[in-house]
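K.L.:
sequence? don't have it. structure:
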């Protein structure tokens with residue numbers, strides 16, 4: 001299904017960000033039981049949203065509370081001041097706090113503290129209620145938060161994996177996963193809750209604050225569990241088993257229950273409706289250990305799933321033909337499943353900024369023994385395509401032939417590459433014999449960039465393989481053009497992504513490091529990509545497709561060896577040499593080109609809205625879907641449903657409403 005040209009995809013621009021509506025075709029046709037299942041999982045996703053806000057920055061929830069109170073009661077606020085508060089708040093919602101999700105750097109509210117105070121008092125006069133600490137006035141609250149809003153030197157980077165010589169990656173990161181902790185502190189500390197805890201340094205040593213019922217985020221997690229349990233009666237047997245296992249993990253927080261849940265989730269291979277809910281990705285942790293909370297709810301797109309299932313069904317063939325040492329190949333690939341999905345909601349670390357593909361679980365031991373599940377977010381890909389201006393392709397393509405290939409084959413090639421990245425990329429390979437420690441512990445802050453590059457390289461390596469034609473995934477007459485279109489896109493994107501890093505001279509985000517590393521390495525070691533200039537503009541031009549694939553194969557063999565052996569020194573050398581640093585003059589050129597054309601640097605997504613229809617006896621009769629096409633309305637609604645920043649009496653009302661629907 002292609003994009004609908006009559007739909008409104010691009011809703012607005014907020015500085016560098018495009019705001020895009022996601023549509024979930026097919027939801028209205030789901031059976032009633034599946035709709036009700038989606039509804040409860042949707043509520044569980046919203047219930048945990050504030051967990052990630054708090055993980056990302058300790059002051060996030062208080063800051064958001066101030067901003068949202070002003071927006072809700074802003075009738076008497078100076079219009080210019082209110083406009084700036086609205087701009088900043090939209091960026092705050094998009095990035096889950098005051099840090100750009102791509103660069104990890106802090107962005108500021110362009111007002112004075114007096115402007116913000118005047119706006120807050122005007123809102124208070126209109127009935128806004130601000131959550132203050134015991135005995136704290138509104139002015140004292142604003143004074144305490146002022147450095148968070150206005151000072152670029154206070155907590156400047158949310159995750160800092162390259163802080164400079166002599167500086168500690170944890171101490172220099174502003175996220176709320178560690179309090180007063182350095183890498184030296186954790187070196188000899190054995191964590192009971194490695195994925196789902198915050199570490200706090202006290203006078204008596206390190207303390208783990210586990211994320212579980214009875215622990216940190218108790219109230220939010222209780223709500224999540226209530227909705228998960230309400231979903232069970234409407235779920236297929238294996239899905240119900242996975243939901244019960246997830247609830248058990250949320251109750252105990254124990255690693256053994258996390259493993260049991262991951263296994264139950266992987267075994268549920270045929271679920272028409274599914275969810276990802278919990279502490280999953282470790283990108284935000286400079287150490288690569290603590291999971292950020294996220295939730296997705298989705299259902300299968302059966303038509304598109306047939307294609308991606310072909311990759312999963314032939315995973316063993318791809319494993320046997322990997323260009324790495326045979327000792328790193330899985331002798332028997334089991335449990336690899338893949339689906340194209342329609343997302344209904346994403347929150348936490350996956351929304352409003354969303355991935356386009358996912359492969360889980362991340363636990364390498366579970367991958368090797370039980371397999372993995374991959375999903376391609378079809379409706380997110382469609383929303384991207386529907387909102388991407390053609391000028392993006394034209395400005396950075398070398399000639400008309402490249403532009404035409406991008407138009408004809410780009411969307412298809414990128415979707416196929418994403419599917420290969422997730423299904424046969426992340427799901428492939430094994431650790432070297434005798435290496436038993438978790439790979440993220442061995443590779444530390446380099447793990448995520450290495451793993452993302454490995455998956456990208458797998459996709460790039462196999463894209464030209466005749467096996468794709470044999471499997472019916474690519475038409476023989478189009479294969480060469482599809483390959484060239486994707487290789488050109490990959491090289492072009494390494495240049496274009498520099499627009500996202502408008503300050504500094506190095507890349508922090510792991511997916512960007514991965515792409516920068518691959519293209520930089522190919523430029524240094526092959527003749528695949530040429531740097532050309534014309535009329536003062538720079539282009540990365542794919543000149544030799546065969547050399548591109550051969551180089552990818554060489555690099556992939558080394559990246560797999562690094563992962564399989566847990567070779568931290570080699571990982572650090574590779575990423576530091578090719579993935580981190582860039583020419584700021586080239587970046588400035590790229591920024592000037594995209595700004596002249598008003599091209600966005602990244603996209604955020606507004607999700608569909610669900611509303612239950614009740615029968616006279618109080619049971620849900622149906623669930624209706626609609627499309628808000630309004631970021632502000634959706635974010636304010638989510639905050640009201642979450643309830644964590646409302647006055648206590650209002651929280652009780654929200655909790656009662658949540659109890660009723662479960």
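P.N.:
All right, it came through fine. Remember, predicted model here, so these are calculated numbers, not experimental data.
K.L.:
distance of residue 175 from residue 201?
P.N.:
15 Å (CB to CB, to the nearest Å). The way it works is simple: take the backbone N, C-alpha and C, and place the C-beta from them, glycine included.
K.L.:
who has more neighbours, the two?
P.N.:
residue 175 (26 against 15; other CB atoms under 10 Å).
K.L.:
Contacts only, for that one.
P.N.:
Applying CB atoms under 8 Å, 6 or more residues apart in numbering, we find residue 175 in contact with 55-57, 158-159, 284-285.
K.L.:
ok, now residue 291?
P.N.:
Here residue 291 is in contact with 195-196, 278-282, 285 (CB under 8 Å, 6+ apart).
K.L.:
how about 7 Å then?
P.N.:
Taking CB atoms under 7 Å, 6 or more residues apart in numbering, we find residue 291 in contact with 195-196, 279-282.
K.L.:
what is the closest residue to it other than its chain neighbours paired to in the beta sheet?
P.N.:
Leaving aside its chain neighbours, residue 291 sits nearest to residue 279 (3.2 Å; criterion: CB to CB, 6 or more residues apart in numbering). Legend: beta-bridge partners of residue 279 under DSSP bridges are residue 293.
K.L.:
residues contacting residue 540?
P.N.:
By CB under 7 Å, 6+ apart, the neighbours of residue 540 are 491-492, 494-495, 519, 529, 531.
K.L.:
buried ones in whichever strand or helix holds residue 93?
P.N.:
Residue 93 is located in helix 79-95, with elements delineated by DSSP states H and E. By 16 or more other CB atoms under 10 Å, the buried positions in helix 79-95 come out as 81-82, 84-86, 88-95.
K.L.:
Let me know the closest of those residues to residue 12.
P.N.:
residue 90 (8.3 Å; CB to CB).
K.L.:
Setting aside sequence neighbours, what's the nearest residue to that closest one?
P.N.:
Computed as CB to CB, 6+ apart, the closest residue to residue 90 that is not its neighbour in sequence is residue 14, at 4.6 Å.
K.L.:
quick one, longest strand in this structure?
P.N.:
strand 336-348 (DSSP state E).
K.L.:
following that strand, which helix or strand shows up next?
P.N.:
Heading C-terminal from strand 336-348 (DSSP H and E), you reach strand 357-360.
K.L.:
Can you name the next helix or strand after that next one?
P.N.:
Following strand 357-360 in sequence, per DSSP H and E, is helix 364-370.
K.L.:
How far away from the center of its chain is that next one?
P.N.:
22 Å (CA atoms, centre = their mean, to the nearest Å).
K.L.:
Give me the buried positions along it.
P.N.:
Neighbour-count burial for helix 364-370 [16+ other CB under 10 Å]: 364, 366-368, 370.
K.L.:
Make TSV out of the contacts of residue 540 and add secondary structure.
P.N.:
Formatted as TSV, the contacts of residue 540 follow (DSSP: H, G, I helix; E, B strand; the rest coil):
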residue	secondary structure
491	helix
492	helix
494	helix
495	helix
519	helix
529	strand
531	strand
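K.L.:
ok, of these, which come out buried?
P.N.:
Here, 16+ other CB under 10 Å leaves 491-492, 494-495, 519, 529 buried among the contacts of residue 540.
K.L.:
and which of those is nearest residue 587?
P.N.:
Nearest member of the buried ones among the contacts of residue 540 to residue 587, counting by CB to CB, is residue 495, at 9.5 Å.
K.L.:
residues touching residue 614, list them.
P.N.:
620-621.
K.L.:
Dihedrals phi and psi, it?
P.N.:
phi -100, psi 150 (degrees, to the nearest 10).
K.L.:
Quick check: it vs residue 637, distance?
P.N.:
19 Å.
K.L.:
Low-confidence stretches in this structure?
P.N.:
Regions of the chain meeting the criterion pLDDT under 70 cover residues 1-5, 335, 643-662.
K.L.:
Spatially central residue for it, please.
P.N.:
Centrality entry for the chain: nearest residue to the mean C-alpha point is residue 350, 4.3 Å, by CA atoms, centre = their mean.
K.L.:
which residue sits closest to that residue, ignoring its sequence neighbours?
P.N.:
Nearest to residue 350 is residue 294, by CB to CB, 6+ apart, at 4.3 Å.
K.L.:
okay, now the residue nearest to residue 32 when sequence neighbours are not counted: neighbour count?
P.N.:
Using CB to CB, 6+ apart and skipping residues adjacent in sequence, the residue nearest residue 32 is residue 622, 6.6 Å away. Look at residue 622: counted by other CB under 10 Å, it has 14 neighbours.
K.L.:
now do residue 442
P.N.:
Neighbour tally, residue 442, other CB under 10 Å: 19.
K.L.:
Torsion angles phi and psi at it?
P.N.:
Dihedral angles (degrees, to the nearest 10) for residue 442: phi -80, psi -40.
K.L.:
likewise residue 618?
P.N.:
phi 90, psi -10.
K.L.:
For residue 609, see how far away it is.
P.N.:
From residue 618 to residue 609 the distance is 22 Å (CB to CB).
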